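S.K.: Build the 3D model from these lines:
(2 chains)
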Amino acid sequence: MLDPKLLRTQPETVAAQLARRGFHFDLERFTQLENRRKLLQTETEKLQAERNVRSKSIGQAKGRGEDIAPLKADIDQLGRDLDSKKSELDALQLEFEDFALRLPNIPHASVPEGKGEEDNLEVRRWGRVREISAPRDHADLGEALGLMDFAAATKLTGARFTVLRGQLARLHRALIQFMLDVHTREHGYEELYVPYIVNTASLRGTGQLPKFGEDLFSLKGDQGWSLIPTAEVPVTNLLRDEIQSAESLPRRWVAHTPCFRSEAGAAGRDTKGMIRQHQFEKVELVQAVTPEKSYEALEELTGHAESILKKLQLPYRVVALCTGDIGANAAKTYDLEVWLPSQGRYREISSCSNFEAFQARRMLARYRDSQSNKPELLHTLNGSGLAVGRTLVAILENYQESDGRITVPAALQPYLGGTSIIG
RNA sequence: GGAGAGGUGGCAGAGUGGUUGAAUGUACCUGACUCGAAAUCAGGCGUACGUGUAAACGUACCGGGGGUUCGAAUCCCCCCCUCUCCGCCA
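M.R.: Prediction:
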């Protein structure tokens, strides 16, 4: 959510900023809603003040043993006026809130201008791309080894699921352990285990609702529960309605969870293999920091995610998403893209974002400022460190041998009981 | 799942339907005392929104939602959560 003060005082600026990302801010509708809200609110509060005064005087009159019947008659019409004004105001506020909750974040000044993916800015590249003659894709490799089974998953569930077997299932698990170990031991993150089912308040807090409900797998029942699309939701929402002490910051949390996405809009893309699944594992990094530290923290967090790719010796590049490609909730995002030999290009494996106070405002996630001793909104960040399924894909493709076997990256061998090659 | 108890300010903990945003304690901040500290004393000390240049004033908030009433932390209904006991399980 955007700062309501900014929204009210500088709606034109907001409109211009949101236009950078191709979002049309309906200035006319906003102004109309806002003017009406202002009017209704002052009128309603005036009536409430009046009622409070009169009710108080009734109480006093009663205390003196006077007859209060005429006073009550006097207040009758006031009550009816108040009721109708109040319900009008309530309805308008709901409408206004829905409007505000659907507005995306304002991109940071450093975000490159652009319309879509093609305008993203490559920041740096790392690693040497191996020469592989006639590289096979991960699905071919995995199926040939008999360790990756899409047909079985289709039977069990449907399209976009995978069954892994034997050494590949173990490699997949090893990746999770490896990533958690690195982030907890080397980068100072606290490991968390969290629910994989969350309520609507949490989804609203991190910005999945009200706008992106169709991407979620929602559960039956009237609790409004959904499977998590990312650990970001349960982890970041730990901050909801809480006030952190200044000393406890920065908060750094890491959690491994499965992620469930219906990805309705993505049908037809990446239909083969493990790239785009309804269920995948992710190790997620989340930080909560003071506002002045958040861009520094974004660089650090991105570096933490990069360190996994470096340790695995996987070539990658860092891309600053442009205003047209950045997610709705983010103020700035770096994508990490790993080299996939079968596609001859880099593909997203991590997305690291600074949300500034956008999520914190929705969640009322605050810290007590040591100077003012007042609660202030936190800045929240998160990034994949990394998407496990896609990391597995990258290893298969980048470490494939000409006979179809897969070399295990040195950093992972201890996690596989010393195994150096799969197949 | 069944039965009971309970959810009030950072924490603890009062609160007969009426001047209660809420006693009291504690924590915290400021001042006095002190060489300094402790102790003591005095004052301050929630959040959000609105009007206003400001001072200030107003409104809302006692788990959430609805209701009764001129007026609700207080009465009624529904829901959520916590605790205790029982049942069932991993």
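
S.K.: from the chain's centre, how far out does stretch A:114-130 sit?
M.R.: A distance of 22 Å separates the centroid of the chain from that of stretch A:114-130, by Cα atoms, centre = their mean, to the nearest Å.

S.K.: Could you list the buried residues of it?
M.R.: A:114, A:120, A:127 (16 or more other Cβ atoms under 10 Å). For glycine as for every other residue, the C-beta is placed from the backbone atoms N, C-alpha and C.

S.K.: Please work out which residues outside it touch it.
M.R.: A:22, A:112-113, A:306, A:309-310, A:313-325, A:334-335, A:339, A:341, A:398 (Cβ atoms under 8 Å, 6 or more residues apart in numbering).

S.K.: That one spans what distance, first to last residue?
M.R.: Length of stretch A:114-130, first residue to last, Cα to Cα, to the nearest Å: 32 Å.

S.K.: for the residue of the stretch 201-350 of chain A found nearest RNA strand B, phi and psi?
M.R.: Per Cβ to the nearest atom of the strand, A:Ile243 is where the stretch 201-350 of chain A lies closest to RNA strand B, at 6.4 Å. Per-residue torsions, A:Ile243: phi -120, psi 110 (degrees, to the nearest 10).

S.K.: What residues does it make contact with?
M.R.: A:Ile243 is in contact with A:366-368, A:375, counting by Cβ under 8 Å, 6+ apart.

S.K.: hmm, try it at 6 Å
M.R.: A:366, A:368, A:375 (Cβ atoms under 6 Å, 6 or more residues apart in numbering).

S.K.: Among the residues you listed, name the ones in strands.
M.R.: With DSSP state E as the criterion, strands contain A:366, A:368, A:375 from among the contacts of A:Ile243.

S.K.: Most neighbours among the residues you listed, please name it.
M.R.: The residue in the ones in strands among the contacts of A:Ile243 with the most neighbours, by other Cβ atoms under 10 Å, is A:Arg366 (20 neighbours).

S.K.: just to revisit the earlier point, using CSV, lay out the buried residues of stretch A:114-130 together with distance to A:Thr9, pLDDT and secondary structure.
M.R.: Below are the buried residues of stretch A:114-130 laid out as CSV (distance: Cβ to Cβ, whole Å; pLDDT from 0 to 100; DSSP: H, G, I helix; E, B strand; the rest coil):
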residue, distance to A:Thr9, pLDDT, secondary structure
A:Gly114, 29, 95, coil
A:Asn120, 33, 97, coil
A:Gly127, 48, 96, coil
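
S.K.: Let me know the helix or strand that the residue of chain A found nearest RNA strand B is in.
M.R.: Nearest to RNA strand B, among the residues of chain A, is A:Gly59, at 2.9 Å (Cβ to the nearest atom of the strand). Assigned by DSSP states H and E, A:Gly59 falls within helix A:27-63.

S.K.: helix or strand right after that helix?
M.R.: helix A:69-101.

S.K.: any idea of the mean pLDDT in that following helix?
M.R.: Summarised as a single mean, pLDDT over helix A:69-101 is 83.

S.K.: ok, it near RNA strand B or not?
M.R.: Yes - under the criterion of Cβ under 7 Å from any atom of the strand, RNA strand B is reached by helix A:69-101 at A:72, A:75-76, A:79.

S.K.: strand partners of the following helix or strand past that helix, parallel vs antiparallel please.
M.R.: Downstream of helix A:69-101, the first helix or strand assigned by DSSP H and E is strand A:121-126. The strands beside strand A:121-126 in its sheet (DSSP bridges) come out as strand A:316-320 (antiparallel).

S.K.: and the stretch 201-350 of chain A, which of its residues are near RNA strand B?
M.R.: A:Ile243.

S.K.: Just flag the most distant two among the residues of helix A:69-101 next to RNA strand B.
M.R.: A:Lys72 and A:Gly79 (9.7 Å; Cβ to Cβ).

S.K.: quick check: domain ranges of chain A?
M.R.: According to automatic domain parsing, chain A comprises the domains A:26-101, A:117-422.

S.K.: Averaging pLDDT over each of these, report the lowest-scoring one.
M.R.: Across these, domain A:26-101 gives the lowest mean pLDDT, at a mean of 85.

S.K.: for it, how far is the first residue from the last?
M.R.: Chord length of domain A:26-101, first to last residue, is 14 Å (Cα to Cα).

S.K.: which residues in the stretch 151-300 of chain A form strands?
M.R.: Under the criterion DSSP state E, counting those that start in this stretch, the stretch 151-300 of chain A carries strands at the ranges A:163-164, A:190-192, A:197-198, A:226-227, A:243-244, A:251-260, A:279-289.

S.K.: and those, which is most packed in?
M.R.: Comparing the strands of the stretch 151-300 of chain A by mean neighbour count (mean count of other Cβ atoms under 10 Å), strand A:279-289 ranks first with a mean of 25.

S.K.: mind listing what that one pairs with, with the direction of each?
M.R.: strand A:251-260 (antiparallel), strand A:379-387 (antiparallel).

S.K.: Is it possible to get CSV of those strands that adds distance to A:Glu292?
M.R.: CSV is the format used below for the strands paired with strand A:279-289 (distance: least, Cβ to Cβ, whole Å):
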stretch, distance to A:Glu292
strand A:251-260, 16
strand A:379-387, 9
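
S.K.: Could you say which one of those strands comes nearest to A:Val53?
M.R.: strand A:379-387 (43.2 Å).

S.K.: Point out the other helices and strands that the helix or strand following that closest one packs with.
M.R.: With elements assigned by DSSP H and E, the helix or strand that comes after strand A:379-387 is helix A:388-398. In terms of contacts (3 or more Cβ pairs under 6 Å, 6 or more residues apart in numbering; DSSP states H and E), helix A:388-398 is packed against helix A:138-144, helix A:166-186.
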